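Novice: how would this look folded up:
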Amino acid sequence: MATDIGNWFVHNAENFNNLMENLGDWFSNIGTNIKDLPNLILDGLKNLLVSLFVPSDNYFTNNFNSLKDSVSSKFGNSDLNELKQLGQVGGSVSTSMTADLKVGGVSFTGKVVDFSWIDKYIDTIHGWVAGLMGIMLLIYNYSQILWLIRGTSPIVTSSSTSTEG
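Specialist: As a prediction, the model looks like this:
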């Protein structure tokens, strides 16, 4: 019986040695993992924020192309030249409108409205209108900020009139 116990220890000594080495490696890895834990948490948080708030590489391109396809299908124009000209001010804007008119049995081509006199002033008018709109937007946003701060409209009108008498 003593030989059986001795043989068991001899036979299992290598397994016991491997077990102790594995436990030692595990404890040394715990120290390394605890030391790396703040970096792992920060990297995970960074990856989470990037995945939540940064769009994929083709996000804007795909959405722009789908919007462009939708607009071109609705307007029936594949190159959208008319929409591109909306942003242009100046010489490319046509101010004289001609049309084929038919009155009774007589048809003719002519100018409906002639605004050719305004051609040289279009840039100036555009600047003044843009400036006026900017001023109006500033006034509007100022009143909205006051409303947010005070909770009431900055200009209060009284619907009841006082009568003395």
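
Novice: how near is the spatially most central residue of the chain to Leu19?
Specialist: The centre of the chain sits closest to Phe60, judged by C-alpha atoms, centre = their mean, with a distance of 8.9 Å. Phe60 is 57 Å from Leu19, where distance means C-beta to C-beta, to the nearest Å. C-betas here are computed from N, CA, C, even on glycine.

Novice: helix/strand/coil for the residue nearest to the centre of the chain?
Specialist: helix (DSSP: H, G, I helix; E, B strand; the rest coil).

Novice: same check on Lys102?
Specialist: Going by three-state DSSP: Lys102 is strand.

Novice: that one: neighbour count?
Specialist: 9 (other C-beta atoms under 10 Å).

Novice: in the sheet, who's paired with it?
Specialist: Ser107 (DSSP bridges).

Novice: how much space separates it from Ser116?
Specialist: Counting by C-beta to C-beta, the gap from Lys102 to Ser116 is 24 Å.

Novice: ok, Asn63 next?
Specialist: Counting by C-beta to C-beta - Asn63 and Ser116 are separated by 41 Å.

Novice: same check on Gly31?
Specialist: 85 Å.

Novice: check Gln144 too.
Specialist: Distance from Gln144 to Ser116, by C-beta to C-beta: 42 Å.

Novice: quick one: neighbours of Thr32, just the number.
Specialist: 9.

Novice: tell me the mean pLDDT over whichever strand or helix holds it?
Specialist: Taking DSSP states H and E as the definition, one finds Thr32 inside helix 2-53. On average, the pLDDT along helix 2-53 is 77.

Novice: lovely, talk soon.
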